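Asks: Test case, fold it:
(2 chains)
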2 protein chains.
Amino acid sequence: MSGAPPNEGRDTRRLIVERAAEQFALWGYAGASISDIASAVGVSKPALYYHFSDKEEIYVEIVTSVLSEMRMRAEAAVAQQPNAAAKLRAFMRVHAQYLQANEHAYIAAQLGFRGLRATEGRDRALELRDGYEAVLNTIIAEGCESGEFRLADRRAGALLVLSALNWMARWYRSDGARPAAEFADQYCTMLLDGFAPRDPPRKTRRKRSA
Amino acid sequence: MSGAPPNEGRDTRRLIVERAAEQFALWGYAGASISDIASAVGVSKPALYYHFSDKEEIYVEIVTSVLSEMRMRAEAAVAQQPNAAAKLRAFMRVHAQYLQANEHAYIAAQLGFRGLRATEGRDRALELRDGYEAVLNTIIAEGCESGEFRLADRRAGALLVLSALNWMARWYRSDGARPAAEFADQYCTMLLDGFAPRDPPRKTRRKRSA
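Replies: Here you go, the predicted model:
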């Protein structure tokens, strides 16, 4: 069982995770079987079980890598920004960029929670998700405290931001037509300014003033 | 094959649709098999095939009833409102109320699109979805034309509203703790006003003015 050189084992493991992410993204966690994953990788089921003890272990590896990576990138992007509004925009842009570059893994991670049983793996996934969301909660708290944001309910504000970003996975297609970060930018502007015009209306919009 | 009285047949058909919605909501369209549905109803597979020719036919019945009902309710609620902001609020509230009252069918309808093959049934489902979204697009167009809303991109605005509402299905639990319409209300206020305080700040927030 230990005949494969270390690199080959690591490559196979990575390939399994990649292909499993595709299968989960297509069929959901419950809908993708170990057999589906093995045949997508092009290995036998026993070969797959050499690397992972079950489907859940593969899923936890996907969700762990997605959320750890997203958190790292979000923290790095946010740290460079001068205020909460700029931080919110950076957070939203980086989230969308990650989705665009890692569509299958992102969707797999997002869809998976629903099908996951209550286990240590699930607890770890939820913990990582909370850690990622904490980056956003911190931005919102900072904005409310500095007076940049005025929200009756901070949690609802964070949830609205996450809804916009998470739902992108359902309609955004990374065919290169338009970068996901552009949509995130638009969302951020709408969330900061609101749909209703600011009063007094901005000068640039007033074309008829004498 | 025609021994059952008409009412019994109709009841069984309705029961199949209800139980199938639960199965789809739990496991996704691809993850729920005809066998799962038959055993959830408590009938044999042949008995189920007496009513529906395949899984897709059941799904199309669910999505058709969900989207037709949502559209009817949205149109009725919106018709009574005096302006676009009130219409947007009514639309969002009614959407959330529908989700709360019909959680499984709503989630099933929402999850299903991804797993559905390109068929007439899928075309019909997409057509109904577009019809529902047209109600929202009309509200947004009305608001932009009346000057109540100021949006650089109307489609992006509609998508932001739908993202907030659609994502509710992923976290809202109808345990009665808080009506879904309350969250929709909060969202609507945030979307209309924006996160950034309106200028000049509202008097009620100014406690220190002499």
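Asks: Helix or strand next in line after whatever helix or strand A:Leu48 lives in, which one?
Replies: Using DSSP states H and E, the element containing A:Leu48 is helix A:45-51. Later in the chain than helix A:45-51, the nearest helix or strand by DSSP H and E is helix A:55-79.
Asks: Not counting that next one itself, show me its contacts.
Replies: A:16-17, A:20-21, A:24, A:29, A:32-34, A:37, A:52, A:87, A:90-91, A:93-95, A:97-98, A:102, A:105-106, A:108-109, A:112, A:116-117, A:119, A:121-122, A:124-125, A:128-129, A:131-132, A:135-136, A:139 (Cβ atoms under 8 Å, 6 or more residues apart in numbering or on different chains). C-beta here means a position set from N, CA and C on the backbone, and glycine is covered the same way.
Asks: Could you list which of those belong to strands?
Replies: Among the contacts of helix A:55-79, no residue falls in strands (DSSP state E).
Asks: Can you say which of the residues you listed are buried?
Replies: A:16-17, A:20-21, A:24, A:29, A:32, A:34, A:37, A:52, A:87, A:90-91, A:93-95, A:97-98, A:102, A:105-106, A:108-109, A:112, A:116, A:121-122, A:125, A:128-129, A:132, A:135-136, A:139 (16 or more other Cβ atoms under 10 Å in any protein chain shown).
Asks: Give me the subset of these lying in helices.
Replies: A:16-17, A:20-21, A:24, A:29, A:34, A:37, A:87, A:90-91, A:93-95, A:97-98, A:105-106, A:108-109, A:112, A:121-122, A:125, A:128-129, A:132, A:135-136, A:139 (DSSP state H).
Asks: if we look at chain B, which of those are close to it?
Replies: A:Tyr29 (Cβ under 8 Å from any Cβ of the partner chain).
Asks: Point me to the residue of chain A nearest chain B.
Replies: Here chain A gets closest to chain B at one residue, A:Gly194, 2.7 Å apart by Cβ to the nearest Cβ.
Asks: Who are the contact partners of that residue?
Replies: By Cβ under 8 Å, 6+ apart, A:Gly194 lies in contact with B:Met190, B:Leu191, B:Leu192, B:Asp193, B:Gly194, B:Phe195, B:Ala196.
Asks: And the residue lying closest to it once chain neighbours are set aside, what's its pLDDT?
Replies: Among residues not flanking A:Gly194 along the chain, B:Gly194 sits closest, at 2.7 Å (Cβ to Cβ, 6 or more residues apart in numbering or on different chains). Looking at B:Gly194, its pLDDT stands at 96.
Asks: quick one, phi psi at B:Gly194?
Replies: Torsion angles at B:Gly194 (phi, psi; degrees, to the nearest 10) stand at phi 80, psi 160.
Asks: So A:Phe195, which state does it fall into?
Replies: coil (DSSP: H, G, I helix; E, B strand; the rest coil).
Asks: Can you classify the spatially closest residue to it that is not a sequence neighbour by secondary structure?
Replies: If the residues on either side of it in the chain are set aside, A:Phe195 comes closest to B:Phe149, at 4.4 Å by Cβ to Cβ, 6+ apart. When classified by three-state DSSP, B:Phe149 comes out as coil.
Asks: can you tell me how far the residue nearest to A:Gly194 sits from A:Asn83?
Replies: Separation of B:Gly194 from A:Asn83 (Cβ to Cβ, to the nearest Å): 16 Å.
Asks: Noted, bye for now.
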